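Peer 1: Generate a structure from the sequence data that follows.
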Amino acid sequence: MVNALIITLSIVCLYYYSRILYFIFGLLKLKNNEKYYSAPVSIIVSVYNGEQSINRLLNQLKNQIYDNKIEFIIVDDMSTDFTKELIKKYVNNDNRFIYVSSESGNPKLAYKKKALDAGIKKSRYDILLFTDVDCQLNPKWAQQMISEFKDHNIEYVVGFSYVDNKYIKNLVSKFQQVDFFMLMATAFSCLKNNNPWASSGQNQAYRKKLYYDVGGFSKIKNCLQGDDTLYMQICNKFNNITCCFHQESFVITRTEYSFLSFIRQRIRWSGDANIMWKFNKSLYTMIISTFLVNTFILFSGIIIGYKLTFVCLLVKIILEYILFYLSNKKFKIDIKSIYYLWWSILQIPYVFIMGISSFFTNYLINWKSKKI
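Peer 2: Numbers count the residues shown, from 1 in each chain. The predicted structure is shown next:
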């Protein structure tokens with residue numbers, strides 16, 4: 001029993017370490033190649049009860065520096081606050097803003113995917129750019145993201161999102177900053193290794209033609225999330241995906257200060273991981289190995305002794321720190337190393353909890369909220 005556990009732990013850890021090295025090599029390929037290109041673009045934002053942050057986002061959209069046709073399609077996803085009224089103010093004062101109700105989306109879709117479908121149907125242009133209501137945008141965000149379509153073979157662009165240093169206030173936000181940063185950095189690394197793994201609905205773009213060519217969200221209509229990473233996997237077979245590495249394209253995401261809100265967000269994200277094997281087996285294998293490595297480190301010391309467990313943990317922390325350090329230099333986010341240290345320890349029980357919770361996503365989310 002003990003020998004079998006040692007062998008299993010060794011195999012899983014070696015695979016996990018090899019993946020970290022794979023990410024490091026991918027990051028070394030990241031270069032900021034200056035390019036300029038513009039084309040008509042439809043920016044689509046799905047909003048549910050966004051009255052606290054929507055004015056900021058709509059102002060940042062209004063102030064985008066862009067020298068081609070641009071429209072802002074704001075989809076009200078059945079909000080119960082004053083979101084609709086706030087959108088209407090911009091629609092009445094700027095003809096680039098368009099109000100859409102999610103009710104016009106495909107009735108077979110649910111949650112955010114139905115709202116996005118409504119926006120895509122309303123859009124006039126082929127290039128579609130997406131973000132979320134609680135994100136913050138650089139004035140040249142659209143210009144830099146759309147420049148990636150200069151290569152006309154490109155049909156999908158993954159943008160970078162991060163938690164900004166000026167919003168870090170407590171342990172939850174520190175953990176979120178490092179955890180989300182590592183997720184985005186590895187996503188970019190995999191793209192540079194010609195193996196697209198993940199995207200974020202906070203900052204991504206694709207062609208409308210691609211959306212209809214792959215059947216929209218129909219293949220993932222029953223998934224809780226799926227409008228970014230799962231959808232990208234459906235598009236992946238076309239080998240047409242790239243990332244935008246220009247810093248002006250980076251989007252600041254919402255900072256979480258409450259442990260409960262952070263966990264609920266991540267439970268939503270983890271729910272679709274259970275079906276990732278249908279779309280990308282290498283990503284699914286990494287998800288499983290990440291869960292197993294952290295679970296073994298958390299519990300195996302009781303059975304096989306803490307010496308081997310400590311060695312596995314130490315190697316993990318060192319390799320992940322190299323990945324963190326290189327990512328910090330590449331993306332110039334300047335996250336403090338002490339935050340990484342806290343994350344590296346807290347990540348172990350966190351991954352275990354998320355892995356278990358992913359099997360109960362629908363219950364855990366629906367129990368607290370009807371909206372995603």
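Peer 1: mind listing the strands for the protein?
Peer 2: 41-47, 70-76, 97-101, 127-132, 156-158, 161-162, 204-207, 241-243, 251-252 (DSSP state E).
Peer 1: need these in a markdown table with mean neighbour count and mean pLDDT, can you?
Peer 2: Using the backbone N, CA and C atoms, a C-beta is placed for each residue, glycine as well. Below are these laid out as a markdown table (neighbours: other CB atoms under 10 Å; pLDDT from 0 to 100):
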| stretch | mean neighbour count | mean pLDDT |
| --- | --- | --- |
| strand 41-47 | 25 | 98 |
| strand 70-76 | 23 | 98 |
| strand 97-101 | 19 | 98 |
| strand 127-132 | 24 | 98 |
| strand 156-158 | 26 | 97 |
| strand 161-162 | 22 | 98 |
| strand 204-207 | 25 | 98 |
| strand 241-243 | 20 | 95 |
| strand 251-252 | 19 | 98 |
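Peer 1: Show me the one of those strands that comes nearest E320.
Peer 2: strand 161-162 (17.5 Å; CB to CB).
Peer 1: Partner strands of that closest one and their direction?
Peer 2: When pairing is defined by DSSP bridges, strand 161-162 lines up against strand 251-252 (parallel).
Peer 1: Helices of the stretch 201-350 of the chain, residue ranges please.
Peer 2: In the stretch 201-350 of the chain, the segments counted as helices under DSSP state H, counting those that start in this stretch are 208-213, 229-235, 259-271, 281-299, 301-304, 306-331, 337-357.
Peer 1: Pick out the shakiest of the ones you listed, pLDDT-wise.
Peer 2: Confidence, taken as mean pLDDT, is least for helix 301-304 of the helices of the stretch 201-350 of the chain (a mean of 75).
Peer 1: Format the strands of the chain as JSON lines; extra columns: distance to Y111.
Peer 2: Listed next are those as JSON lines, based on distance: least, CB to CB, whole Å:
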{"stretch": "strand 41-47", "distance to Y111": "9"}
{"stretch": "strand 70-76", "distance to Y111": "12"}
{"stretch": "strand 97-101", "distance to Y111": "15"}
{"stretch": "strand 127-132", "distance to Y111": "13"}
{"stretch": "strand 156-158", "distance to Y111": "21"}
{"stretch": "strand 161-162", "distance to Y111": "20"}
{"stretch": "strand 204-207", "distance to Y111": "17"}
{"stretch": "strand 241-243", "distance to Y111": "24"}
{"stretch": "strand 251-252", "distance to Y111": "21"}
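Peer 1: between those, which one is nearest to S337?
Peer 2: Nearest of those (CB to CB): strand 161-162, 16.4 Å.
Peer 1: F180 and V251 touch, don't they?
Peer 2: No: under the contact definition of CB atoms under 8 Å, F180 does not touch V251, with a separation of 11.5 Å.
Peer 1: show me where the stretch 1-150 of the chain has helices.
Peer 2: 2-27, 54-62, 83-93, 111-122, 141-147.
Peer 1: Make JSON lines from those and add mean neighbour count, mean pLDDT and distance to L191 to it.
Peer 2: Formatted as JSON lines, the helices of the stretch 1-150 of the chain follow (neighbours: other CB atoms under 10 Å; pLDDT from 0 to 100; distance: least, CB to CB, whole Å):
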{"stretch": "helix 2-27", "mean neighbour count": "15", "mean pLDDT": "90", "distance to L191": "8"}
{"stretch": "helix 54-62", "mean neighbour count": "18", "mean pLDDT": "98", "distance to L191": "26"}
{"stretch": "helix 83-93", "mean neighbour count": "16", "mean pLDDT": "96", "distance to L191": "33"}
{"stretch": "helix 111-122", "mean neighbour count": "23", "mean pLDDT": "95", "distance to L191": "22"}
{"stretch": "helix 141-147", "mean neighbour count": "24", "mean pLDDT": "97", "distance to L191": "14"}
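Peer 1: Save those helices as CSV, and put in distance to C235 too.
Peer 2: Formatted as CSV, these follow (distance: least, CB to CB, whole Å):
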stretch, distance to C235
helix 2-27, 20
helix 54-62, 25
helix 83-93, 29
helix 111-122, 14
helix 141-147, 16
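Peer 1: Give me the phi and psi angles of G105.
Peer 2: When read as degrees, to the nearest 10, the backbone of G105 gives phi -80, psi 170.
Peer 1: For it, give me its contacts.
Peer 2: With contact taken as CB atoms under 8 Å, 6 or more residues apart in numbering, G105 is in contact with 75, 113-119, 121.
Peer 1: circling back: ok, which of the strands of the chain comes nearest T309?
Peer 2: Of the strands of the chain, nearest to T309 by CB to CB is strand 161-162, at 32.2 Å.
Peer 1: contacts for the closest one?
Peer 2: So strand 161-162 is contacted by 135, 177, 180-181, 184, 200, 202-203, 250-253, 331, 333 (CB under 8 Å, 6+ apart).
Peer 1: Quickly name whichever of these is closest to S357.
Peer 2: F180 (17.7 Å).
Peer 1: which ones are touching that closest one?
Peer 2: Neighbours of F180 in contact, by CB under 8 Å, 6+ apart: 161-163, 253.
Peer 1: Which pair in the residues you listed has the greatest spatial separation?
Peer 2: Maximum pairwise distance among the contacts of F180 (CB to CB): 8.4 Å, between S161 and V163.
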